[in-house]
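Just the structure for this:
(chains A, B, C, D, E and F, ligands or ions: 2)
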Amino acid sequence: MISNLAVLPIVIPLIAGVIAILIHRKLTIVRRFAQILTVVNTIVVAYVLFYVSQNGAVVLEAGDWMAPFGIVLVADLLSVVLVFTTNIIALACVFYAPKSLSDQQEEFYFYTFYFLLISGVSGAFITGDLFNLFVFFEVLLMASYGLIVLGGEKVQLRESIKYVLINLFSSMLFVTTIAFLYSVVGTVNMAQIAQRVGEVEQTGVLTAIGILLFFVFGTKAALFPLYYWLPKPYIAPNPVVSALFGALLTKVGIYSLLRVFSIIFVHKSDITHELFIWIAALTLIFGAIGAMSTNNIKLIVAYNIIPAVGFMLLGIGVYNSTGYAGTVYYLVSDMIIKAVLFLLVGAIAYLTGTSDLRKIRGLIHYYPFLGWLFFIAALVLAGIPPFSGFIGKLLLLQGAIESDQIIVALIGLAASLLILLSVMRIFIRGFWGEKDESIIPDKKAARSFALPVVFLLFFSILLGVGAEWFYPSIASIGDYLMNPETYIQSVLKE
Amino acid sequence: MTLQIVLNVIIAIMWMFLTETYTFVSFLSGYIMGILLLFLLRRFIPDTFYFKRVWKIIKLVFLFIKELLIANWDILKWVYKPKKDYKPGIFALPTELKSNWEITILTSLISLTPGTLSVAVSEGNSVIYIHAMDIDTNETAIEAIKTTFEQAIMEVTR
Amino acid sequence: MLFAVFLPVLLAIFIPYLSKWKEKIHTGYFVLLAPLAVFLYFIPHIGNDFTPVTQSFNWIPSMDIGFEFYLDGLSLLFVLLISGIGTLVTLYSIFYLHTSERLDQFYVYLLIFMTAMFGVVLSDNVFVLYAFWELTSISSFLLIGYWNYKERSRYGALKSMLITIFGGLSMFGGFILLTTITGTNSIQEMIQQTDTILSSPYFGLILALILLGAFTKSAQFPFHIWLPDAMEAPTPVSAYLHSATMVKAGIFLVARFSPIFSESDWFFVLVSGFGIITLVWGSFMAVRQTDLKGILAFSTISQLGMIMAMLGFGTKLAIYAAVFHILNHATFKGSLFMIAGIVDHESGTRDIRKLGGLATLMPISATLAFFGTFSMAGVPLPFLNGFYSKELFFDASLELHESSIAFANILAQAIPYLAVFGSIFTFVYSMYLVFGTFMGKKKLDQLPAKPHEAPVGMLISPMILIVGVILIGLFPNFVNSTFLAHTAEAIYGAPVDKHVQFWHGWDSPPLYMSLVVVGIGTVLALTIKYWKNIYQYFPGKLSLNKAYDFLVDQSEKTSARITNSYMNGSLNRYMSLILIAIVSCTFAILWITDGFAWDTSNLADITVHEILIAVAMAVAAIFTIFTKNKVASILILGVVGYGLSLLFILYSAPDLALTQLVVETITVALFLLCFYHLPDLRERTEGKAKKLRNLIISVGFGAMMTIVAISAHSTKLFEKISDYFLETAHDIGGGDNVVNVILVDMRGVDTLFEIVVLGIAALAIYGLIKLRNKKGAK
Amino acid sequence: MEIVMSILAGILFTTGIYNMLQKQMLRIIIGTALVSHGAHLFILTMGELKRGKPPVLSDEIANYSDPLPQALILTSIVISFGVTSLLLVLAYRASKENGTDNMEKLRGNEND
Amino acid sequence: MTGTTTEFIMNILVIVFLITGTFFVISASIGVIRFPDVYTRLHASTKAATLGISGIMIGAFIFLYVEHQIVSGKLILGIIFILLTAPVSAHMIGRAAHSIGIKPWSQDGNTKDEYADTLKEK
Amino acid sequence: MNELINTIAIVCMIVVTISIALLLFRVIKGPTNPDRAVALDAIGVNLMGMAGLSAILLVTTRLNDVILLIGILLFVGTVGLAKYLEKGVIIDRDDD
Ligand code: NA
Ligand code: NA
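Numbers count the residues shown, from 1 in each chain, chains lettered A, B, ... in the order given. Ligands and ions are numbered 1, 2, ... in the order given. Sure, this is the predicted structure:
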């Protein structure tokens, strides 16, 4: 059955994760195993992507229970594109991991957590059921808890407890909100919720419930003023974990916002989406300011997650197909570039033994290749053409202007400058400058860090330079999101 | 003893098959039939007729229920009496019982019966420390009851 | 054309390999080929019967982004400048840069820059133009930071990048607005829709944004401050990027959009206003400089201001003059930079206070310098091109038309005076520069090296440029009809035919203006040491540079202050802010949408025992706050949990009750275990205000949840899907316990992953406990 | 009754959050537990509390309570149990490692 | 079960068991509130509550038997279980209380505590 | 008759609830942890009663499992708690 394709991206990592438990002590085997399985899964997902782009969404009714009653998995283009991106990042991380992690960390189920994180993230992208989304959120969060505490350093424990607490709170708010929604519309299937909310034109309490959901996802997505928890916990664990977090976790929140506020709560967009635009603006401003505020290179990158999320929310807020397309493009682009940056600053911190920018200089004399990778990554991040960030930003700003949101567009531009400055400081102060004679270069390590980064950057560049191959599909996602009927019909088959 | 119980259960189940009614009632009647059967055939089966011991247990249970009811009556009095005119305290009760089982049963019975509550058992199971609601008035009476229990338990276990 | 544009970049790919032989062949020789080839490729386009050429190459057709190259007079001028000067600069650099330097990097950047510049001036598609525009900023950044071990170099690189990318982004914003209004990405098609653009409410914003891009790139006041610091780059770069080409990109942009914008009076006010201020300020400040390249940098600023001002005039004459001056400036300024480089190279310093009397030691350089500076100063000599364009400038400044904006009229009145004022100082610094360096006393003891004439190779390029100065000076109309007229036409929108001549007769006001400039200029130049003190009265602390430093510094410090003020790592703070946001927004939405609902018709009966249980649970929950004994608080929590399972019992949810009981018991046990060794609870020590704040936040949140819950319950609008479960559980699901059937069948995925969650938790806990033991063993 | 239960759940949230706003680790975690209880009670309430029979099918019964919220709560209970357990161990380790159970002392600074 | 009389008697039995049971339960709680120390409170909870709950259970047992004709072994098991475990629990709590140093209450503050004395001797 | 039983069951429930509330007071008040343990244990017993009464009200046997489970957990829990208290802090009497 072809509809089983929808479940493969969730199940393969799940099984891999379980197997990884069994062989967790045999490091050489488990490493190789994880790498092979990730490659396999990526190939499978690539096939699913190909299939979906040719034949349209694949809808799987789990256990053959009809759509609104059982759990449906909806592998539409949006989901599968994001799942594919997730796997690309996973691929880079799994090859980066052995060098970056200590043997102990690997032994203590890094690969299991890693696979289950992928499984949870993919599940969250694919599921068409709101409560099931909650469950997948918990899977990926729990895996992230496992990853964030891995190693049990002082700082790590301190920051992870805050991370767990905030996420626990927002999870509880999430289930409660699902209950509220169930009370009003009597279902937890997203397509049916969308249909029913549409039928009553999103009466008052539904809007309030929508806003609660917005805050739930907003907390995960790290929007203003909900992002406070994010930066420090994200830099406490190993860089490879930071990369997975930075690339995937907040993006699941954004994805959920995108889904929910494109198919369900769209009937009072003059209130809700207008609010999003202002929140997006504040997220951009404070995120960019945050990125400027520190000399800790990891923290700089972590803070940079926030304005990116602001950009994506902007695309949701302007509520037109260009904006949606921009959000999706930016989402994909940002997932990759955040992974790149975390991996790179992780490499720098590993090679220099510090993440304090004031103590790093002249690295380019030892690691020119890393330096140029970082330079390109900074440009991608700031949305400088012709890289992937540019296309996303262009679409987002076009979307904003189509909806007459000039001020926010200008704020977005200003934030871009601060973003560029915030990361370029790392290049100028860390890579440029006099040679630091005290460094003992470790070219081998640098090379093994660089390869995964090159792999990811290749996609960043491809998404920009080769935008023609991607844009039509993403534009079609934008249109698709503007017309929730398509989604509803493909699920409910009415 | 175990053998007898097993036999009894088998008889009860056979009875259910015979009557083709699979309810608790038919099981119960089958069981009673079994007891009778075992009683009649007690010569041919090794070990003493187990229901003898069961009977002693039942006697102990009734003794216990009686004491439990009295105990609750006492408690009610204390609960609803406006004045706290009792004098609690802990006293030691030497016991002849040895095995953990016996001690457990005894302490349980002590705890559920009037005015007393076991608090601790000494090392070697020789002394039970008992908290009494009103220690002065009827320490001896209490000890008498406990001794009865001790006897009853020993009859069951030995 | 696509190949021509990308040729330098393609070559750049091979540079790292080619530079391996740099000991044998200077890498510059390979590089030279690229601009030369492009120059030769475009040169045949010059001619009388010039027609614009369009060539399109797909890039992202679905977004209407493509390499749509448009070669008209304007772009032709720039392409030739870029490739021509590029060739000369590369040649010069071969002798300037020693092979011990990282030549590969240098030339890669330079080639990237060339491609970027070609792209900027040839692209008709605004987004492609923007892409190349940013690329020029980036390559400029890398070139300025070429000697990045120097602090000043890094400083200059960052400054130039920040300012130019700032402008680039704003221009980008303007472009997006333009494309949204016109529905096209092509500049030429936009020009067709000038009326639409002018009547758009966003026109002012578009104008401002795009001009911001142009002004930053072309170092217009007050954004000029990056240019002097860009002089940290190797001199070939200064000559090429920061005088002849990149800084003219802004000029190009204004020229490119002139057909649209010049219809607006604001265009004149802004472009000419800023241009003339830049002219005056640049030339005035140039006198103050002591570094040769500093003088040249301010000179460039001032000259760019002048061109900008002329573009703003928008008259036929002014545009022609602007175009002419673009060409002229490239020739004399390029050569002067190269000579400054030679002086620096040979004498070891660029400090004009240490230099003097070099003419005898470096006669050829000195001669070239004299031609260059005199042309720059606009000295009325018939063989200096600078004079012609300056006089045209004066001429144009006198024939400004009336405007509907009062300020524009005042500006128009003031411009001739400002032009003269600026030109006087141009004259002064030009003389100061050339005489200070080559004439006067020799101060050889102050020089780090013993100066002598440069090698011939180094002299070729400036010499060619000076030949250009003289040739154009001698035959100012030589390239008019074949070349500059086309350029001017592209800007003006109608044919421009201008015949330039040295002598206009006595009744020509520009002549008197020139004479005033030369006269006063000479006096001032001679008396410079008497009045130079006035510069001390100019603010040091309040200068624009200080402002920039302050801004950059503050961008970090203020950011840090703002961020640290709320990102203080305090969970209380995080939670509070999050909760306040949720509560206030949700209440606001409820209020706005009138979402509160109250419907008691569908409620279950109220029973006493349930109320009592509720009260008991509430009391227990509240007492978790007040208890000071850790065991007590954990047990009270347990009571709440058991209370909940009691509610599950009462409301017909036995399976839930079972689970809740087990879970609660284990949780309490875990609580006790984990907190066994931790200290007991303490008195809540926070102040009254904080207690109150916490109280308000938590009560607000609880109240919000309750209100939304009641409203949600009061607006049950649809049949629940659960009826289906009750109907099908037995027949299809094969079980009578519907909850179980839902869990294992209909929502089996949930259950599977719920188990996964538990499993991960177990592993994580195991890791948490075990990993420490191992560490302890070490 | 739904209104009473909504208020009770609101109170559970209130007290839970008040506890989460405290400094001491134990109080904070107790707070999370209370919040979970509140959430589950909300779900139960939203499924209507009218006296239906437990949703176990039998011929004699016609009205059942809503089984779906029960199933959802069940999943949620198990999940929050997992998280709470992890949180407890984490809190224990964090306080031991950092030498304090006061969250306000666990703020940290930029460069560690 | 047939015959209304039997049923009636059964129902009366249910009512009696329920009421007595509940009475003992509440009495136990009042005892726990009123009694002065942990040991005396244990008396109340161990005896009265246990009996009370047994009463309610038997009531429920009979009721279910009448209504459903189901003999609910689990209820009986529950009763037996609580009768067996209540004293053990009480013993454990009492011992714990004693071992952490809680002295039995008395009006005059002069309590007889042979257990403490024995411990002191050792 | 059934109505009467129902009513009585509800009354009993109210009484048991009051009983729980009283015990809750003891849990909160203490003053010693063993006191709390006693009260908690009693609450558990009361919960069993509530479950029994609910079984009557809902006419269901589904709650029997619950009753048994409460019994088991109560025993395990109380024994565990007692052990915990015994090993734990020497004296922690609150001064409230
Ligand atoms: Na490793
Ligand atoms: Na390793």
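
and the residue of chain D found nearest chain F, what are its phi and psi?
Closest approach between chain D and chain F, counting by CB to the nearest CB: D:Pro54, at 4.6 Å. Backbone N, C-alpha and C define where each C-beta goes, glycine included. The phi/psi pair for D:Pro54 (degrees, to the nearest 10) reads phi -50, psi 140.

can you check the one 4 residues further on too?
Backbone torsions for D:Ser58, taken as degrees, to the nearest 10, come to phi -160, psi 150.

So what's the residue count around the nearest residue to it once chain neighbours are set aside?
What sits nearest to D:Ser58 in space, not counting adjacent residues and going by CB to CB, 6 or more residues apart in numbering or on different chains, is C:Asp736, at 7.0 Å. C:Asp736 sits with 13 neighbouring residues when counted by other CB atoms under 10 Å in any protein chain shown.

List the residues that contact the spatially most central residue of chain D.
For chain D, the residue sitting closest to the mean C-alpha position, by CA atoms, centre = their mean, is D:Ser36 at 0.8 Å. Residues counted as contacts of D:Ser36 (CB atoms under 8 Å, 6 or more residues apart in numbering or on different chains) are A:Leu168, A:Met172, D:Gly16, D:Ser76, D:Ile77, D:Ser80, D:Thr84.

Secondary structure class of C:Asp605, three-state.
Recorded secondary structure, C:Asp605: coil (DSSP: H, G, I helix; E, B strand; the rest coil).

Next one: it from C:His45, what distance?
93 Å (CB to CB, to the nearest Å).

Specify which residue of the two has the higher count of neighbours.
C:His45 (20 against 9).

is any part of the biggest helix by length in chain E close to chain F?
Determined from DSSP state H, the single longest helix within chain E is helix E:4-34. Yes - Helix E:4-34 reaches chain F (CB under 8 Å from any CB of the partner chain) through E:7-8, E:11, E:14-15, E:18-19, E:21-23, E:25-26, E:28-30, E:32-33.

Say whether chain C is contacted by that helix.
No - no part of helix E:4-34 sits near chain C under the criterion CB under 8 Å from any CB; the closest distance found is 11.5 Å.

Report all helices and strands that that helix contacts.
helix B:50-80, helix E:38-43, helix E:50-68, helix F:2-29, helix F:33-58 (3 or more CB pairs under 8 Å, 6 or more residues apart in numbering or on different chains; DSSP states H and E).

any bit of the fourth one sitting next to chain C?
Yes - part of helix F:2-29 sits near chain C under the criterion CB under 8 Å from any CB, namely F:Ile10, F:Met13, F:Ile14, F:Val16, F:Thr17, F:Ile18, F:Ile20, F:Ala21, F:Leu24, F:Val27, F:Ile28.

who wins for most neighbours among those?
F:Ile20 (32 neighbours).

Excluding sequence neighbours, find me the nearest residue to it.
In space, F:Ile20 is closest to F:Asn46, 4.9 Å off (CB to CB, 6+ apart).

these two touch, right, E:Phe81 and F:Ile70?
No - using CB atoms under 8 Å, E:Phe81 makes no contact with F:Ile70, being 9.9 Å away.

sec struct for the one residue in chain F that gets nearest to chain D, please.
Nearest to chain D in chain F, going by CB to the nearest CB, is F:Arg62, at a distance of 4.6 Å. Following three-state DSSP, F:Arg62 is assigned to coil.

residues in contact with it?
C:Pro654, D:Pro54, D:Val56, F:Ala55.

export these to CSV and tack on pLDDT, neighbour count and distance to ligand 1?
Listed next are the contacts of F:Arg62 as CSV, based on pLDDT from 0 to 100; neighbours: other CB atoms under 10 Å in any protein chain shown; distance: CB to the ion, whole Å:
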residue, pLDDT, neighbour count, distance to ligand 1
C:Pro654, 88, 29, 49
D:Pro54, 84, 27, 52
D:Val56, 84, 21, 52
F:Ala55, 87, 29, 58
